[in-house]
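J.: Please work out how this folds:
(2 chains)
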Number of protein chains: 2
Amino acid sequence: MLRKLVPIVLAAGLALPASADEPKPTPSAAEILAAAPASDWRLLDPANTLYLDLPAGRVVIELAPAFAPNHVANIKAMAAARYFDDAFIVRAQDNYVVQWSQPDGTRPMGAAKKTLAAEFDRPIASAPPFTRLPDADTYAPETGFSDGFPVARDPAEGRVWLAHCYGMVGAGRDNDADSGGGAELYAVIGHAPRNLDRNVTLVGRVVQGIELLSVLPRGTAELGFYDKPEQRVPIRQIRLAADLPAAERLNLEVLRTDSATFSKLVEARRNRHDAWYKYASGHVDLCSIRVPTREAGPR
Amino acid sequence: MLRKLVPIVLAAGLALPASADEPKPTPSAAEILAAAPASDWRLLDPANTLYLDLPAGRVVIELAPAFAPNHVANIKAMAAARYFDDAFIVRAQDNYVVQWSQPDGTRPMGAAKKTLAAEFDRPIASAPPFTRLPDADTYAPETGFSDGFPVARDPAEGRVWLAHCYGMVGAGRDNDADSGGGAELYAVIGHAPRNLDRNVTLVGRVVQGIELLSVLPRGTAELGFYDKPEQRVPIRQIRLAADLPAAERLNLEVLRTDSATFSKLVEARRNRHDAWYKYASGHVDLCSIRVPTREAGPR
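T.: I've put the predicted structure just below:
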């Protein structure tokens, strides 16, 4: 007998149907998604979508120009200059981050700058609309989503920032706050390290393919860096989707986080009613909410 | 130039020293651990330590008899009956769990029962001493540690339960609350799925070797199960340390979570003062605290 844990998923097609003889007081995540109008989904903008191509497949990153405009522009310039061609994953630290760069650092960067002023947080007044979550957060007075990204805010300070949830992508730096620029990037592959919030410039979010990064062998040198150059994982290239011919782009849609469908999903996640759950916590934390992505199909 | 993120680690030997010319108003995690008296560490009890041996190495699990006495006794009986010899990892779902079992389910279980009454939570009055964390939690009125395990409590209800942090090990079940027993176990390998709290019997915690599980290829069938039997990852054996000759046991120590050293580590994690951090959050969530483990050396 194979005992299965019931899934905790928001992505369409992953949830198991509830058994026919159980009451279903509220719809499941799969049912909520199936009923979503097309207008609740948005196509990923090729001008803000980065493809990190590994031998094992493609990692798709949605960039966040509304939160880190200078870093995003800089990363686009690096991609256009093919700075990341034949780069490497240089670090994989368990329950923390995978990180990539050009280890020799001698490639031409095109129009990109080596370092930029930090973009750790920004004024609430200049940020995109915010969909607030109802539950308390350990780290911030308010949490929610803006334009598909997990964010935290402090209204008293008037500041908002991207939050270090699973799959978020950030720009590594030295001790100086302004020493990053996007040439060294990392993705979160563990429990959300929220104490990094407001300490690093987050630049985007992996919307597909994070499992290509999260399974990489952990480095055994300090901080999970690979001990020897031959242990590094090669990156074929990093490209902006808009810089590729249309035939080479993926056609992905992301659920709008300001949609009624998304609100219903959050509520279904706060209070589970399927046959497996015996206790509904009535709460959900920011980084336990995954924003659904799907293939849009040919167009 | 290689930009490095500064580590967020509590384990000894992993933290980089701060640069010599920076002020250090508070000691680092590594300094706090280095100053810990021997009495702040405890040896893992072989009678409550499980070894999950994979071809890639050993995963060490500390069992939690104070929270799940019947499930722990049952799992020990299964290990004694060699129930898990030649078992398999059957599931690896990204940002969620790795799960193992005997897929055919036909092995003799010795003195173990197939199913047990759920041990989801228990009275605070009968639980081990509790070291409370100062910060708010999304899911529970109180969080902290008991006997090295992350726990959450509701004093109004008078109940306490183990929390689903990274590395926690639980007993899968069917829809019936009492349908688990330990023959199907899982370990958390992603952002803490705290909505599972009080819905599954947690039985222990991986104290060493979680990275042998977290890098396993993700299954492509529903819920991350492996599609084909040949994709399953073989388990050589699962044994209680006490059932092995002393020479085959590891000699591991865990920091006592009711020690002054542990309290200092938590505080250092709430408020970072090293040269890299520009913003100290002043908070830490339960599942962002790792309990240090070290080799005790020969004795």
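J.: looking at chain A, which helix or strand is least sure?
T.: The helix or strand of chain A with the lowest confidence, counting by mean pLDDT, DSSP states H and E, is helix A:29-34 at a mean of 93.
J.: counting contacts, what elements does it pack onto?
T.: helix A:260-270 (3 or more CB pairs under 8 Å, 6 or more residues apart in numbering or on different chains; DSSP states H and E). All C-beta atoms are positioned from the backbone trio N, CA, C, and that covers glycine.
J.: contacts for the helix it packs on?
T.: With contacts defined as CB atoms under 8 Å, 6 or more residues apart in numbering or on different chains, helix A:260-270 is touched by A:8, A:10, A:26-29, A:32-33, A:35-37, A:40, A:131, A:133-135, A:145, A:255-256, A:280-284, A:288-289, A:291-292, B:195.
J.: In helices only, show me these.
T.: When DSSP state H is applied, these are split such that A:A29, A:I32, A:L33 fall in helices.
J.: Look up how far A:T261 lies from the first one.
T.: Meaning A:A29. 10 Å (CB to CB, to the nearest Å).
J.: how about the helices in the stretch 101-250 of chain A?
T.: A:210-214 (DSSP state H, counting those that start in this stretch).
J.: now it, which segments are flagged as low pLDDT?
T.: By pLDDT under 70, the stretch 101-250 of chain A has no low-scoring segment.
J.: Beta-bridge partners for the one residue sitting closest to the centre of chain A, please?
T.: Geometric centre of chain A, nearest residue: A:R205, 2.5 Å, by CA atoms, centre = their mean. Applying DSSP bridges to A:R205 gives these bridge partners: A:E62, A:M168.
J.: isn't it right up against A:I61?
T.: Yes: using CB atoms under 8 Å, A:R205 is in contact with A:I61, at 6.8 Å.
J.: which residues do the two both contact?
T.: What both A:R205 and A:I61 touch, as defined by CB under 8 Å, 6+ apart, is the set A:V169.
J.: before we move on, the earlier item: from chain B, how far out is the residue nearest to the centre of chain A?
T.: 13 Å (CB to the nearest CB, to the nearest Å).
J.: now A:D147
T.: Taken as CB to the nearest CB, the span from A:D147 to chain B is 21 Å.
J.: ok, the closest residue in space to that residue that isn't next to it in sequence - contacts?
T.: Excluding the flanking residues, the one nearest A:D147 by CB to CB, 6 or more residues apart in numbering or on different chains is A:P128, at 4.6 Å. The contact partners of A:P128, by CB under 8 Å, 6+ apart, come to A:A66, A:S146, A:D147.
J.: Make TSV from these and add distance to B:L216 and neighbour count to it.
T.: As requested, those are exported to TSV (distance: CB to CB, whole Å; neighbours: other CB atoms under 10 Å in any protein chain shown):
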residue	distance to B:L216	neighbour count
A:A66	36	17
A:S146	34	21
A:D147	34	21
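J.: just to revisit the earlier point, just the buried residues out of the ones in helices among the contacts of helix A:260-270, in PyMOL syntax.
T.: To isolate the buried ones among these in PyMOL, judged by 16 or more other CB atoms under 10 Å in any protein chain shown, type:
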select buried, chain A and resi 29+32+33
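J.: pLDDT wise, what is A:H273 at?
T.: We have a pLDDT of 78 for A:H273.
J.: What about it, how many residues nearby?
T.: 15 (other CB atoms under 10 Å in any protein chain shown).
J.: Give me the distance between it and B:H164.
T.: For A:H273, the distance to B:H164 - CB to CB - is 20 Å.
J.: What of A:G158?
T.: On the measure of CB to CB, A:G158 and B:H164 end up 35 Å apart.
J.: Domain map for chain A?
T.: A:38-42+A:254-295, A:46-116+A:167-250 (automatic domain parsing).
J.: end to end, how far does the longest one reach?
T.: Just to be clear, that refers to domain A:46-116+A:167-250. End-to-end distance for domain A:46-116+A:167-250, by CA to CA, to the nearest Å: 9 Å.
J.: Also the shortest one?
T.: Taking CA to CA, the first and last residues of domain A:38-42+A:254-295 lie 13 Å apart.
J.: Isn't A:L202 up against A:M168?
T.: Yes: between A:L202 and A:M168 there is a contact under CB under 8 Å: 5.4 Å.
J.: what touches both of the two?
T.: A:L162.
J.: Which among the contacts of helix A:260-270 count as buried?
T.: The buried subset of the contacts of helix A:260-270 - by 16+ other CB under 10 Å - is A:8, A:10, A:28-29, A:32-33, A:36, A:40, A:131, A:133, A:135, A:145, A:255-256, A:281, A:283-284, A:288-289, A:291-292, B:195.
J.: and the residue nearest to the centre of chain A, what is it in contact with?
T.: A:I61, A:E62, A:A64, A:G148, A:F149, A:P150, A:C165, A:G167, A:M168, A:V169.
J.: dump the residue contacts of the third one.
T.: Under the criterion of CB under 8 Å, 6+ apart, the neighbours of A:A64 are A:N48, A:V72, A:D147, A:F149, A:L162, A:L202, A:V203, A:G204, A:R205.
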